[in-house]
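J.: have a look at this prediction, sequence included:
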Amino acid sequence: MSERESMQFDVVIVGAGPAGLACACRLAQLAQEQGREPSVCVVEKGSEVGAHILSGAIIESRALDELFPDWQQRGAPLSTRVTREEMHLLRSAGSAWKVPHALLPRAMHNHDGYIVSVGNLCRWLATQAEALGVEIFPGFAAAQVLFGEQGEVKGIATGDMGIAADGSHKDSFTPGMDLLARYTVFAEGCRGQLGKTLYARFGLDAQADTQHYGIGLKELWDVPPPRHVEGLVVHGTGWPLAGDTGGGFFLYHLENHQIAVGLVVDLNYRNPWISPYDDFQRMKHHPLLAQYLQGGKRVAYGARALTKGGFNALPTMHFPGGFLVGCNAGTLNSAKLKGVHTGMKSGMLAAEEIAAALGQGDQGGQDLSGFAERFRASWVYDELQSSRTFAPALHKLGPLLGGALFALDQTVFRGRLPIALHDKTPDCARLRPARECEPIAYPKPDGVLSFDKLSSVFLSNTSHEEDQPCHLHLADPSLPLGRNLAEYAEPAQRYCPAGVYEIVGEGSAQRFQINAANCVHCKTCDIKDPAQNITWVAPEGGGGPNYPNM
Amino acid sequence: MKVLVAVKRVIDYNVKVRVRADNSNVDLANVKMSINPFCEIAVEESVRLKESGAATEVVVVSIGPKAVQEQIRSALAAGADRGIWVETDDTELSGLAVARLLAQVVRDEQPGLVLLGKQAIDTDNNQTGQMLAALLDWPQATFASKLEVKGAEVEVTREIDGGLQTLALTLPAVVTADLRLNTPRYIKLPDIMKAKRKPLATTSPAALAVGPGTGVKLLGVTPPTERRGGIKVESVAALVDCLKNQAQVL
Ligand SMILES: Cc1cc2nc3c(=O)[nH]c(=O)nc-3n(C[C@H](O)[C@H](O)[C@H](O)COP(=O)(O)OP(=O)(O)OC[C@H]3O[C@@H](n4cnc5c(N)ncnc54)[C@H](O)[C@@H]3O)c2cc1C
Ligand SMILES: Cc1cc2nc3c(=O)[nH]c(=O)nc-3n(C[C@H](O)[C@H](O)[C@H](O)COP(=O)(O)OP(=O)(O)OC[C@H]3O[C@@H](n4cnc5c(N)ncnc54)[C@H](O)[C@@H]3O)c2cc1C
Ligand code: SF4
């Protein structure tokens, strides 16, 4: 396309999440140290930084301590410390067993953590980056990777704006731009759209285990002051997840009488009748959770996939002209379910590798494999590796301690403790035929603690330009009805947390409907579709949820 | 001709508005803010006037705390030439207070045309443009859906109940933009970068010699009563019965 304009930067970063922004800040700091003008650009598909960020979150400040040792004076939004934590096993809709603190593995201790909104952390990181001279462009999605003559990555193209649903150009049509870079850092988070193509092109995951995922659903509640205990953290697992379905809930008491409550369901679940959304809704009725939410008001809803493969699933993170960082590479520590500090650190390490090269006059496009060494020498590597060997190491502690933990895992958590295993079956291939599984009768939402999907999507402030091509591509449009419906009762109707996929009509009028405008960009469909037929691509920039402090 | 455009920072139209628990005001904590859509249309129109040669300079002004600079910057990225920020702590200025401050900016800047949105989507007052015209004693046209500068006049087509009205105003004049005046363009990346380097002057009510106080005080905000869930009825008879006895509307 000859009409496209282009701009050149030293570094282009895709995604203004914790990983991308930490990378940007570190690059700008190092450029200053080297006496160079920073030439760093960040594109973000959300309408503003933080609009598409959804996390728990308890974070460890380790990476931030390194990036901005004076973050407290700079006003970073980390103000609520974890003051008390509880872990429960929900045994049924009404009963729970509180796990004694002494029995919890160290990885599950959070007393050093801060309860934060990662969206607000990103907004703050963005102001720091801009003050350091980084250009941040929210409302622009990276739609395509640009390659040079040697096959190296040489930047990205932003998406065209103003294309009608039928593909024609509207009056407002504005072509995307080529953003050229010496190095491009892909920090799209879990299941990045461009990252996925890079894995395939460069065989980045050739040596790694299959990646595994979870879907996290979350709500924010304003609760009456008497029910609020700032700093209290409640975790648990068990009911309502059935049988061999892994996952767990979190309930964090933030500042300003807000509670973040959420459920993570492992996407390797087998029963196609499972609806993570409905499990989340009914879970809030358990007295352990309901006691805090009763009398409160739900103010926000959203969902996002996360990576769970951990160390064993880490891909090669460098390739000619670029890097994968953060959850786009799967740096989340699955034993702790924490990915912010590790994601940030991976971005900072990429920044250091790039700055070292640029400082020596590198013109870009190289495969900076020194990153692998840098990564291996860092605490992220140690941390992720020790989580991998988490279970075996504990076994080595001898029959007493190891056995106790084993028993805890097996009898109390029924194998659901997040222990890294070599599970080589991808999540999309795990579903059993619907006829072999028990359909699940989820209770109707009561409109007080639990709600229907549409009123939830409403609270995600999701909006997309209506007249644009569908951003959920079906490789074979006949598969949803032809195969998925017959075999798996089309699970997209249930795993999508925003009601995007529907089977409507009867008999010959039956069709598969995609309500793309509702999509909250969680990426679950791209992961879990048993036919691997759905490809998520970024819609027109600025579209998607508008999360507040999620 | 110089065009002056006033833009307001408001809660983004995609955001579901919430009222604070104490009913003191709308809850703006952690909420996405944007340029008022009608102001965005006014900016677009002024840039089109410049592109067509009818205007020589577009000056954008916003009144409020530091954060309103974001909205000035986005107007600059859309094509305005320079910005004026009137710094106030108050985010709840009444239409009259805004009109008084704008009137003083207009006296200093001497534009040939002032464009505003017809109303702001947060407080829906639909007053500022009208009061500004009165304070300046200038001709005004509200709810513009078409605008054409013809020599010393501006011809404005207005949307009125059941039809259109076309007015000719002698310049200088005040015009407020309605939804169908234009569709704002997509902003381009290089223009966002350029906008960062465009001039943005700061002034204050004190510097403009405009006193505070307009005799209006916000007492409270109440959300609409929540809609109760619907029910399904089995038959027409049951429906009639429900309408009569439960809803009591028959
Ligand atoms: C429910 C839940 C609870 C969690 N709890 C915790 C916790 O307690 N502690 C913790 O440390 N971690 C937690 N995590 C994990 C943590 O949120 C992630 O590890 C972290 O956000 C990853 O950061 P990232 O920058 O790699 O990606 P993300 O945070 O996903 O950010 C990616 C950004 O890139 C943008 N983007 C993506 N693609 C494009 C594109 N093509 N063009 C332009 N922009 C693009 C996205 O809009 C987004 O803003 C949780 C996650 C979930 C889902
Ligand atoms: C720039 C601008 C100009 C405006 N101009 C006018 C004007 O000229 N005239 C006027 O009357 N108003 C105008 N408005 C006001 C605006 O149009 C109103 O907010 C709108 O009319 C509200 O309609 P709604 O309630 O149908 O929409 P919404 O608020 O979007 O719809 C809410 C209802 O629809 C449901 N819903 C939403 N999305 C879906 C979905 N995907 N699937 C199923 N259900 C869904 C929700 O559950 C809810 O019940 C304007 C607003 C702006 C920002
Ligand atoms: S369509 Fe896909 S990405 Fe969008 S909300 Fe549904 S599952 Fe998530």
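T.: Sure thing, it's come through. Numbers count the residues shown, from 1 in each chain, chains lettered A, B, ... in the order given. Ligands and ions are numbered 1, 2, ... in the order given.

J.: element containing the residue of the stretch 201-350 of chain A found nearest ligand 3?
T.: Nearest residue of the stretch 201-350 of chain A to ligand 3, counting by Cβ to the nearest ligand atom: residue A:303, 6.6 Å away. C-betas here are computed from N, CA, C, even on glycine. Element membership for residue A:303, per DSSP states H and E: strand A:297-307.

J.: contact partners of the helix or strand following that strand?
T.: Using DSSP H and E, the helix or strand that follows strand A:297-307 in sequence is strand A:318-319. The set of residues external to strand A:318-319 that reach it, using Cβ atoms under 8 Å, 6 or more residues apart in numbering or on different chains, is A:153, A:198, A:202, A:204, A:350, A:353, A:367, A:368, A:369, A:371, A:372.

J.: any idea how many residues pack against residue 199?
T.: With no chain named, the answer covers chain A. Residues lying near residue A:199 (other Cβ atoms under 10 Å in any protein chain shown) number 21.

J.: sorry, I should have been clearer: chain B.
T.: Residue B:199: 10 surrounding residues under other Cβ under 10 Å.

J.: and the closest residue to it other than its chain neighbours, what is it in contact with?
T.: Once flanking residues are discounted, residue B:199 sits nearest to residue B:82: 4.4 Å by Cβ to Cβ, 6 or more residues apart in numbering or on different chains. Applying Cβ under 8 Å, 6+ apart to residue B:82 gives the contacts B:57, B:59, B:60, B:76, B:198, B:199, B:200, B:201.

J.: that older thread, so what pairs up with the residue of the stretch 201-350 of chain A closest to ligand 3 in the strands?
T.: With DSSP bridges as the criterion, residue A:303 is bridged to residue A:217.

J.: may I have the least confident helix or strand in chain B by mean pLDDT as CSV, with CA atoms only?
T.: Least confident helix or strand of chain B, by mean pLDDT, DSSP states H and E, is helix B:236-241 with a mean of 92. C-alpha atoms of helix B:236-241 as CSV (Å, rounded to 0.1, in the frame of the first residue of the first chain):
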residue,chain,number,x,y,z
VAL,B,236,-52.9,-12.5,27.5
ALA,B,237,-55.3,-12.8,30.4
ALA,B,238,-52.4,-13.1,32.8
LEU,B,239,-50.8,-10.0,31.1
VAL,B,240,-54.0,-8.0,31.5
ASP,B,241,-54.2,-9.1,35.1
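
J.: starting at the chain centroid, how far to that helix?
T.: Centroid separation between helix B:236-241 and its chain, computed with Cα atoms, centre = their mean, to the nearest Å, is 47 Å.

J.: same check, this time on stretch A:134-149
T.: That offset, for stretch A:134-149, works out to 20 Å (Cα atoms, centre = their mean).

J.: ok, now stretch A:244-264?
T.: When C-alpha coordinates are averaged (Cα atoms, centre = their mean), stretch A:244-264 and its chain have centres 15 Å apart.

J.: I'd assumed residue B:113 was in contact with residue B:59.
T.: No - contact between residue B:59 and residue B:113 fails when scored by Cβ atoms under 8 Å: they sit 10.9 Å apart.

J.: between the two, which contacts overlap?
T.: Joint contacts of residue B:59 and residue B:113 (Cβ under 8 Å, 6+ apart) are B:2, B:3, B:4.
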